[in-house]
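Chemist: Sequence and predicted structure, then a few things I'm wondering about:
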Number of protein chains: 2
Amino acid sequence: MGGLWYTEKQTDSFGITLKINKTLHTEQTEFQKLEMAETEEFGNMLFLDGMVMTSQKDEFVYHEMVAHVPLFTHPNPENVLVVGGGDGGVIREVLKHPSVKKATLVEIDGKVIEYSKKYLPEIAGQLENSRVEVKVADGFLHIAESENVYDVIMVDSTEPVGPAVNLFTKGFYAGISKALKEDGIFVAQSDNPWFTPDLIRNVQRDVKEIFPITRLYIANIPTYPSGLWTFTIGSKKHDPLEVSEERFHDIDTKYYSKELHKAAFVLPKFVEDLTK
Amino acid sequence: MGGLWYTEKQTDSFGITLKINKTLHTEQTEFQKLEMAETEEFGNMLFLDGMVMTSQKDEFVYHEMVAHVPLFTHPNPENVLVVGGGDGGVIREVLKHPSVKKATLVEIDGKVIEYSKKYLPEIAGQLENSRVEVKVADGFLHIAESENVYDVIMVDSTEPVGPAVNLFTKGFYAGISKALKEDGIFVAQSDNPWFTPDLIRNVQRDVKEIFPITRLYIANIPTYPSGLWTFTIGSKKHDPLEVSEERFHDIDTKYYSKELHKAAFVLPKFVEDLTK
């Protein structure tokens, strides 16, 4: 096909392949292999341990859908924590909510922040915002040390390999519950139903044991395995399916809308079955 | 990565790659290059001119969503035409509606039917059903010769290259309108919003000129470009957004549900913009 191509094996027998205009940076950090490249189709892209993290062309889907669904579900989110998400995209979306007084980012790998600022400035630009505190630290430990602090916690992790293994455990969800206020909400990316149905089933089972309201919602992300991505919500009090019309306000988005907020919870039958 | 892999270039700079257990058939037919292969991840798959047509693992999404959305929108579909769709998957779904007395398949390439029956029997098996008539003929001409005949017409074509070029023209949509009864409905696959937004815009524009009710809906198909597929509906009278609850009846599906019927029309903002 000519030239340099980056192939991500999304399963042992399926992958995507991307034409590379140039490689921008490659480094084995303390935690993972970090690669940044300029692709022809999706613009600059960040890969960790060979997995697509984000791209300039489709990043808005993931970042909008992680942030706005829980933030519009909570009636007045003021104090928000993002675990992982060193590219800064979720933080950028969080700041679109005027109620948010403070957004804390806890990213384990400072190199992700450094190279996102350099090569993904539209995504990482808001990390310097005065409402944002950036901590380079272990999110699992940060959660363990926090109690009754946050209105919303967002877990923007890689797949459960490498540094993210701890973030897919019942102990972590219990810690999140403790770190949240009495009406807090948490959301985590929970992979895709085509190749990792058992992961979704396990996350649902574990979160249900800890949160009275557990929901699954979906979005289309072309650079992620299968194109169909899921997010799991655990909530102590507020149901994302019962947000009043007045709660929504206009924000600048390319994917999320108040209508899509509701539709995202209507799952294809085989996905719905994973939540039972 | 080892062994034999099939790579589909979905754009000039993006593709998917599939591990092949064995190739089953390769042939240059009168109309196109036909390839059938057993893949590790998606089971047996049919490729035409190098593009994925269907796979055993994910075929249910496309076939259910093409068929059931218009068939539940029409109050009493009796006479149904499928243009293309030689693999038989849409016909299989159409036959799940007891109101349907006759389903006609007009496929231009008899080899698609022949090798689907051989290697995709769960998909093509209903082509022998007594309610089905199979014609190996040009769908464009069949439409041109039909008047006031069909309740529902489904266009299950390839992309607008090769034999399908004529199926993405205003003249074809006008012919479909003529071939439909006075309250008829048609649906066509209309590609994806990430790589071919202009195609969606053009189809919307053209169909709107001919049908009073024009709608776009979506489904996730992991083996199709971007994973997000669109379908365009043109309807003379019945609105797919206003189907009464009583119209729905239980059918055996893995993707479609009456709730998803409605949610599929709630589009991400950037997709909604293509319909304006």
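Modeler: Great, that's in hand.
Chemist: From here on, just use CA atoms for contacts and neighbour counts.
Modeler: Noted.
Chemist: What's the separation between the residue positioned nearest the centre of chain A and chain B?
Modeler: With distances taken as C-alpha atoms, centre = their mean, A:Asp156 lies nearest the centre of chain A, 3.3 Å away. To chain B, A:Asp156 is 21 Å away according to C-alpha to the nearest C-alpha, to the nearest Å.
Chemist: For that residue, give the beta-bridge partners.
Modeler: Beta-bridge partners for A:Asp156, by DSSP bridges, are A:Gly84.
Chemist: got a list of what A:Lys22 touches?
Modeler: For A:Lys22, the contacting residues are A:Ala37, A:Glu38, A:Thr39, by C-alpha atoms under 8 Å, 6 or more residues apart in numbering or on different chains.
Chemist: Can you tell me which of those is closest to chain B?
Modeler: A:Thr39 (8.1 Å; C-alpha to the nearest C-alpha).
Chemist: Check which helix or strand the nearest residue to that closest one once chain neighbours are set aside maps to.
Modeler: Of all residues not flanking A:Thr39 in the chain, A:Ile20 sits nearest, at 4.4 Å (C-alpha to C-alpha, 6 or more residues apart in numbering or on different chains). According to DSSP states H and E, A:Ile20 maps onto strand A:14-28.
Chemist: ok so, going back, can you give me the neighbour number for the residue nearest to A:Thr39?
Modeler: By other C-alpha atoms under 10 Å in any protein chain shown, the residues close to A:Ile20 number 21.
Chemist: Need the pLDDT of it.
Modeler: On pLDDT, A:Ile20 comes in at 97.
Chemist: the inter-axis angle of the strand holding A:Ile20 versus strand B:14-28?
Modeler: Relative orientation of strand A:14-28 versus strand B:14-28 (axes from the mean of the first three to the mean of the last three C-alpha atoms, to 10 degrees): 150 degrees.
Chemist: What's the first helix or strand after strand A:14-28?
Modeler: Taking DSSP H and E, what comes next after strand A:14-28 is strand A:33-39.
Chemist: The residue nearest to A:Thr39 touches A:Gly2, doesn't it?
Modeler: No - contact criterion C-alpha atoms under 8 Å: A:Ile20 and A:Gly2 do not qualify, at 10.5 Å.
Chemist: quick one, what contacts the residue nearest to the centre of chain A?
Modeler: A:Val66, A:Val82, A:Val83, A:Gly84, A:Gly85, A:Val90, A:Ala188, A:Gln189.
Chemist: From A:Thr104, how far off is the third one?
Modeler: Taking C-alpha to C-alpha, to the nearest Å as the measure, A:Val83 falls 8 Å from A:Thr104.
Chemist: Neighbour count: these two, which is higher?
Modeler: A:Val83 (25 against 19).
Chemist: Report the separation between that one and A:Val155.
Modeler: With C-alpha to C-alpha as the criterion, A:Val83 and A:Val155 are 5 Å apart.
Chemist: Quick check: which element contains the closest residue to A:Gly234 other than its chain neighbours?
Modeler: In space, and not counting its chain neighbours, A:Gly234 is closest to A:Thr214: 4.7 Å by C-alpha to C-alpha, 6+ apart. For A:Thr214, the host element (DSSP H and E) is strand A:213-220.
Chemist: Sheet partners, orientation included, of that strand?
Modeler: Using DSSP bridges, the strands paired with strand A:213-220 are strand A:228-235 (antiparallel).
Chemist: Please point out which parts of the partner strand sit buried.
Modeler: A:Leu228, A:Trp229, A:Thr230, A:Phe231, A:Thr232, A:Ile233, A:Gly234, A:Ser235 (16 or more other C-alpha atoms under 10 Å in any protein chain shown).
Chemist: ditto for stretch A:166-185
Modeler: The neighbour-count check on stretch A:166-185 (16+ other C-alpha under 10 Å) flags A:167-168, A:170, A:172-181, A:183-185 as buried.
Chemist: in chain A, which spans are strands?
Modeler: A:5-11, A:14-28, A:33-39, A:43-48, A:51-55, A:79-84, A:102-107, A:132-136, A:150-156, A:180-189, A:213-220, A:228-235 (DSSP state E).
Chemist: Let's have the ones you listed in JSON lines, adding distance to B:Lys9.
Modeler: Listed next are the strands of chain A as JSON lines, based on distance: least, C-alpha to C-alpha, whole Å:
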{"stretch": "strand A:5-11", "distance to B:Lys9": "12"}
{"stretch": "strand A:14-28", "distance to B:Lys9": "9"}
{"stretch": "strand A:33-39", "distance to B:Lys9": "15"}
{"stretch": "strand A:43-48", "distance to B:Lys9": "18"}
{"stretch": "strand A:51-55", "distance to B:Lys9": "18"}
{"stretch": "strand A:79-84", "distance to B:Lys9": "33"}
{"stretch": "strand A:102-107", "distance to B:Lys9": "36"}
{"stretch": "strand A:132-136", "distance to B:Lys9": "40"}
{"stretch": "strand A:150-156", "distance to B:Lys9": "30"}
{"stretch": "strand A:180-189", "distance to B:Lys9": "28"}
{"stretch": "strand A:213-220", "distance to B:Lys9": "20"}
{"stretch": "strand A:228-235", "distance to B:Lys9": "20"}
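Chemist: if we compare the ones you listed, which one ends up closest to B:Gly43?
Modeler: strand A:14-28 (11.7 Å; C-alpha to C-alpha).
Chemist: show me the contacts for A:Leu127.
Modeler: Counting by C-alpha under 8 Å, 6+ apart, A:Leu127 has contacts A:Gly88, A:Ile91, A:Arg92, A:Glu133, A:Val134.
Chemist: Let me know the closest of these to chain B.
Modeler: A:Arg92 (18.3 Å).
Chemist: neighbours of that closest one, just the number please.
Modeler: Neighbour tally, A:Arg92, other C-alpha under 10 Å: 22.
Chemist: Next: A:Val165.
Modeler: Around A:Val165 there are 12 residues (other C-alpha under 10 Å).
Chemist: Same check on A:Asp198?
Modeler: 13.
Chemist: Over to A:Gly50?
Modeler: 16.
Chemist: For A:Asp191, see how far away it is.
Modeler: Where A:Asp191 is concerned, A:Gly50 sits at a distance of 16 Å (C-alpha to C-alpha).
Chemist: can you check A:Asp252 too?
Modeler: 26 Å.
Chemist: what's the answer for A:Phe47, then?
Modeler: Separation of A:Phe47 from A:Asp191 (C-alpha to C-alpha): 16 Å.
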